[in-house]
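1. Sequence below, structure please.
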Amino acid sequence: MSRCALLARLEAKPGKEEQLEQFLRSALPLAEAEPGTRTWFALRFGPSSFGIYDTFDTEAGRQAHLDGPIAAALMERADELLSQPPQIDRVDLLASKLPH
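-> Alright, predicted model coming up:
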């Protein structure tokens, strides 16, 4: 069972909502290439509010993701796309239901 997770909340700059959405969609192949990332979800909470939720079996996998290409690309484009710095919370999973 995955034990570690990240929940990142992203707020798009006015007029940059579609670009942020496209950025998140384009990150899927990068997440698929990360061996330590068990699940990865790009989310839209509202008109300008987005997020990423991902899970990992180990703390090492979570840290590798934080040090990886998705986080680097997001931080590289943060000033362009985001109205504020991303809020990234490290969370511990207590229980989950996933397909087998």
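2. Does the lengthiest helix in the chain pack against any helices or strands, and if so which?
-> Looking across the chain with DSSP state H, the single longest helix is helix 69-81. Under the contact definition 3 or more CB pairs under 8 Å, 6 or more residues apart in numbering; DSSP states H and E, helix 69-81 sits against helix 17-26, helix 28-32. For the C-beta atoms, the positions are set from N, CA and C on the backbone; glycine is no exception.
3. Of all the residues in the longest one, which ones are buried?
-> The reference is to helix 17-26. Neighbour counts using 16 or more other CB atoms under 10 Å place Glu17, Leu20, Phe23, Leu24 of helix 17-26 among the buried residues.
4. Make JSON lines out of these and add distance to Leu10 and pLDDT.
-> What follows is those, written out as JSON lines (distance: CB to CB, whole Å; pLDDT from 0 to 100):
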{"residue": "Glu17", "distance to Leu10": "10", "pLDDT": "98"}
{"residue": "Leu20", "distance to Leu10": "7", "pLDDT": "98"}
{"residue": "Phe23", "distance to Leu10": "9", "pLDDT": "98"}
{"residue": "Leu24", "distance to Leu10": "8", "pLDDT": "98"}
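5. From Gly51, how far off is Phe45?
-> For Phe45, the distance to Gly51 equals 6 Å [CB to CB, to the nearest Å].
6. Mutual contacts of the two, please.
-> The contact sets of Phe45 and Gly51 overlap at Arg9 (CB atoms under 8 Å, 6 or more residues apart in numbering).
7. In terms of neighbours, single out the busier of the two.
-> Neighbours per residue (other CB atoms under 10 Å) separate Phe45 from Gly51, with Gly51 holding more: 19 against 11.
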